[in-house]
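Enquirer: Quick one, structure for this:
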Amino acid sequence: MENHETKLIELSAIGLSFDNSRQRINKNTIDNLKASILKLGLLQPLVVSHNANGGYTLIAGFTRHRALQELNQQHVQVTIIEGDDLTKLECHIAENANREDLSFVSTVHAIRRIATETGGDYAEVAQRLGFSKKVMEDRIALTKCDAIVLDALDKQEIKVGHAVLLSSFTNDLQKTTLEKIIAESWTVEHLRERANKARIKLAAGKFDKEGCRNCSHNSDYAAQNELFGETIPTGHCSNTVCFREKQTQWLDQRYALLAEEHGVVLKITTMDSQGINGVTPDKLGQPQYNACQACPNNVTIVDDRLGSVSVGDVRTQMCNNVPCFQQNIKDYAQASSSPLPPAQTNTESKVVKNVSKTAEATTISATLGKKQIEDAEAMLSSYALNTFPVDEHLVLSVAYLTIGTLCGHNLGSMSVLNALNNNSDSDTMKSLSEMLNTFLNKSVSNTSTHLNSPRVILQKLLHNHGNHKQNILHAWTPSALANYPTRQVIFLCEEAGFAKNYDQCHGEGAFNKLQKGNKSNLLEAIATHTQFSWLAYAPSAYRAHFNQK
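Expert: Numbering: from 1, shown residues only. Take a look at the predicted model:
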């Protein structure tokens, strides 16, 4: 953290409101640390951030902070970090985990929170926290543990190996097995042996159980051969390793299908429930609800508890962007409660109508995913290239914008002006046009959006060329739907009127039949159905992306 400020501050100015309090502190650790501080001083500064009260919030170093308090220290060296809550949490976890100064419970909850806000990408979580692959795999396994198991781990009543093995059990089985581990002092190896002999209800298996019919680990095997030879097994499986492997494989396949249809899919055992909110029109208003349909923060949650009868069940329309969600609720509530004009307070119908119009007048928040943003930028650049030619007026406009951007003012540079004075207008215009054509055509391959990039300059030019909002609208093409999940493609088709037009051309229910097929067939139908024009439509998130610039 060499880029952050380090300074000496008063110890009393540091608050503990962040997620930094350990549930338990070992007294010997505190005493040893106090002795070290008295002898050598504080070797590692505390990590803090500014808070709204003008003081500081402790991010990492809770044990060191406690030792300094007991030593009655007045001042302490700190490293001050800045950033959003997610950045601070990442620092908190990385700092404390590396020093083994953070409880397993806190670590698991923090990983859930970060994973929820990063769309369930655990590779990114591991990279952010600096965890090795093995450490991350163990922590992910621990997210499936019942709270009582994590508590026992924090108390050092069991080892990490115990908890990792217990994570694959149902919650009830975790609790009963934990009691035996503690009471009978089971080793990790003994638990592994017992786990291999455990029994799981076959009814909980969502995978194809045809192969279980004649399996010796199936408790119904003998009875089935005599009485129910054509019935799929409904008893217990004693081969838990095989059961977990098949259930995991089935869940992975379902997870991939759900991701294709819905976009971001989070697993219920590895998410922070406080960071998830249900997306409904009554909370957000219909216009904002519609905009949320194409937002990558509108996620789906899947039950990934392998031994649960509800494994694979999903919950859709869930938002994992807490600040945006809360702001939209606030905006809609304020708009809905706006005072009505006197002339419209006579009848209930007019009141409802007015509230609806007021709510629709609020600013609609919508966002695009990474790939969708790339498509949006590319489409508008291509449209700008094809909309107007590179002529003298355009060259002068680009020169004005480029010089103003590069130099920070609008006067231009003397070297450029001298070059223009020494050349004939026709030669200068020819050279500039050739260079400018080359430069602007790079907008297709150059994905940069810095201030003097081809894409940004094209967008600035397009902003002053005709109707800006109409240009943005006309630039969008349905080919961009390839990077939307199936659920969003269907919604956008219905919103644009394509679904209705498709039914009119192919018969009632044609689009409903089409949307039940695979995504590739749906996209092909959209591309080949020329009876519908998309010129008057573009997703709200796409339009907002450019209109907010």
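Enquirer: hey, where'd the helices end up in the stretch 201-350 of the chain?
Expert: Ranges of helices within the stretch 201-350 of the chain are 221-226, 240-262, 281-284, 286-292, 322-336, 348-360, based on DSSP state H, counting those that start in this stretch.
Enquirer: what would these look like in TSV with distance to Thr107 and mean neighbour count?
Expert: Quick note: C-beta positions are derived from backbone N, CA and C, even for glycine. Output for the helices of the stretch 201-350 of the chain, formatted as TSV (distance: least, C-beta to C-beta, whole Å; neighbours: other C-beta atoms under 10 Å):
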stretch	distance to Thr107	mean neighbour count
helix 221-226	43	13
helix 240-262	23	16
helix 281-284	32	16
helix 286-292	32	20
helix 322-336	21	16
helix 348-360	42	14
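Enquirer: what about those helices, which gets the closest to His468?
Expert: Nearest to His468, of all the helices of the stretch 201-350 of the chain, is helix 286-292, at 19.8 Å by C-beta to C-beta.
Enquirer: Please name every helix or strand in contact with the closest one.
Expert: helix 322-336, helix 348-360, helix 540-547 (3 or more C-beta pairs under 8 Å, 6 or more residues apart in numbering; DSSP states H and E).
Enquirer: Lowest mean pLDDT across those, which one is that?
Expert: For those, mean pLDDT drops lowest on helix 348-360, to a mean of 39.
Enquirer: what's the next secondary structure element after it?
Expert: helix 370-387 (DSSP states H and E).
Enquirer: What are the buried residues along that next one?
Expert: By neighbour count with 16 or more other C-beta atoms under 10 Å, helix 370-387 contains the buried residues Gln372, Ile373, Asp375, Ala376, Glu377, Ala378, Met379, Leu380, Ser381, Tyr383, Ala384, Leu385.
Enquirer: which two from those end up farthest apart in space?
Expert: Most distant of the buried residues of helix 370-387, by C-beta to C-beta, are Gln372 and Leu385, 20.6 Å apart.
Enquirer: give me the low-pLDDT residue ranges for the stretch 301-450 of the chain?
Expert: Residues of the stretch 301-450 of the chain meeting the criterion pLDDT under 70: 307, 337-365, 389, 393-394, 396-398, 400-432, 435, 446.
Enquirer: Quick check, pLDDT for Gly263.
Expert: Gly263 is assigned 82 on the pLDDT scale.
Enquirer: Please name the residues that touch the residue nearest to it when sequence neighbours are not counted.
Expert: Nearest residue to Gly263, sequence neighbours excluded (C-beta to C-beta, 6 or more residues apart in numbering): Pro485, at 3.8 Å. Listed by C-beta atoms under 8 Å, 6 or more residues apart in numbering, the contact partners of Pro485 are Ala259, Glu260, Glu261, His262, Gly263.
Enquirer: can you list those residues in JSON lines and add distance to Val489?
Expert: Output for the contacts of Pro485, formatted as JSON lines (distance: C-beta to C-beta, whole Å):
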{"residue": "Ala259", "distance to Val489": "14"}
{"residue": "Glu260", "distance to Val489": "11"}
{"residue": "Glu261", "distance to Val489": "9"}
{"residue": "His262", "distance to Val489": "11"}
{"residue": "Gly263", "distance to Val489": "10"}
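Enquirer: quick one: which of these is nearest to Val456?
Expert: Gly263 (27.7 Å).
Enquirer: where's the closest one relative to Asn239, distance?
Expert: Gly263 sits at a distance of 36 Å from Asn239 (criterion: C-beta to C-beta, to the nearest Å).
Enquirer: Which of those two has more residues huddled nearby?
Expert: Neighbour count, other C-beta atoms under 10 Å: between Gly263 and Asn239, Gly263 has more, with 22 against 19.
Enquirer: wait, the more buried one sits on Asn483?
Expert: No: with contact defined as C-beta atoms under 8 Å, Gly263 and Asn483 do not form a contacting pair (10.0 Å).
Enquirer: shared neighbours, those two?
Expert: Gly369.
Enquirer: can I see the domain layout of this structure?
Expert: Domains of the chain are assigned by automatic domain parsing as 5-156, 199-237, 263-335, 370-475, 478-533.
Enquirer: Which one of the ones you listed has the poorest average confidence?
Expert: The stretch with the lowest mean pLDDT among the domains of the chain is domain 199-237, at a mean of 67.
Enquirer: what about that domain, how long is it end to end?
Expert: Terminal residues of domain 199-237 lie 5 Å apart, using C-alpha to C-alpha, to the nearest Å.
Enquirer: How about stretch 199-210?
Expert: Stretch 199-210: ends 18 Å apart by C-alpha to C-alpha.
Enquirer: Can you point out the buried residues in that stretch?
Expert: Ile200, Leu202, Ala204, Gly205, Lys206, Phe207, Lys209.
Enquirer: Show only the entries of those residues found in strands.
Expert: With DSSP state E as the criterion, strands contain Ile200 from among the buried residues of stretch 199-210.
Enquirer: What is the neighbour count of Asn32?
Expert: Neighbours around Asn32, by other C-beta under 10 Å: 12.
Enquirer: which secondary structure element contains it?
Expert: helix 27-40.
Enquirer: who are the neighbours in contact with Gln249?
Expert: Contacts of Gln249 (C-beta under 8 Å, 6+ apart): Phe207.
Enquirer: what's the spacing between the residue nearest to His217 when sequence neighbours are not counted and Leu165?
Expert: Distances taken as C-beta to C-beta, 6+ apart place Asn239 nearest to His217, at 3.9 Å, with adjacent residues excluded. Distance, Asn239 to Leu165, using C-beta to C-beta: 16 Å.
Enquirer: right, and Asp303 touches Ser310 too?
Expert: Yes: counting by C-beta under 8 Å, Asp303 does reach Ser310; the two are 5.0 Å apart.
Enquirer: and those two? which has more neighbours close in?
Expert: Set side by side, Asp303 and Ser310 show more neighbours around Asp303, with 17 against 11, by other C-beta under 10 Å.
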